[in-house]
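1. I'd like to go over a predicted model; first the sequence, then the structure.
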Amino acid sequence: MAVACFKAWVYGKVQGVGFRYSTQAKANDLGVQGYAHNLEDGSVEVLAWGEAELVQELILWLKEGGPRSAEIDRVLVQPHRTDNPPHGFTTG
């Protein structure tokens with residue numbers, strides 16, 4: 001199993017619409033670990049760690065618009081290196 005870790009910054013109408021919780025539910029369905037955190041600029045930062053294929057599936061879901069309640073303008077993604085893999089998926 002190849003493991004991958006990415007950070008994504010999601011811009012648009014993504015705060016106050018259940019975006020983090022929908023992302024958490026999708027990640028949990030896929031078995032992806034990480035988090036979705038609101039940022040002060042109105043965007044959401046998502047860390048996705050796990051089996052590469054499943055991480056890519058979560059990122060594709062974000063790029064395709066995520067939950068119906070959100071209005072995503074753009075998603076920036078970059079590889080991320082971590083020495084401490086996350087456990088579970090949080091929405092702090």
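-> Great, that's in hand.

2. where do the strands sit along the chain?
-> Listed in chain order, the strands of the chain (DSSP state E) span 3-13, 33-38, 44-51, 71-79, 89-90.

3. could you give the number of residues near Asp29?
-> 12 (other C-beta atoms under 10 Å). C-beta: built from backbone N, CA, C; applies to glycine.

4. and it, how far from Arg74?
-> 24 Å (C-beta to C-beta, to the nearest Å).

5. hang on, the earlier thing: can you add mean neighbour count and give the strands of the chain back as CSV?
-> Output for these, formatted as CSV (neighbours: other C-beta atoms under 10 Å):
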stretch, mean neighbour count
strand 3-13, 17
strand 33-38, 21
strand 44-51, 22
strand 71-79, 13
strand 89-90, 20
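
6. can you lay out those strands as CSV showing mean pLDDT and distance to Glu57?
-> Formatted as CSV, the strands of the chain follow (pLDDT from 0 to 100; distance: least, C-beta to C-beta, whole Å):
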stretch, mean pLDDT, distance to Glu57
strand 3-13, 97, 11
strand 33-38, 98, 13
strand 44-51, 98, 9
strand 71-79, 97, 13
strand 89-90, 98, 14
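
7. how about the ones you listed in CSV, adding distance to Trp61?
-> Shown next, in CSV, are the strands of the chain (distance: least, C-beta to C-beta, whole Å):
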stretch, distance to Trp61
strand 3-13, 11
strand 33-38, 12
strand 44-51, 10
strand 71-79, 10
strand 89-90, 13
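
8. among those, which comes closest to Lys63?
-> The minimum distance between Lys63 and the strands of the chain falls on strand 71-79, with 5.0 Å, by C-beta to C-beta.

9. strand partners (parallel or antiparallel) of the closest one?
-> Using DSSP bridges, the strands paired with strand 71-79 are strand 3-13 (antiparallel).
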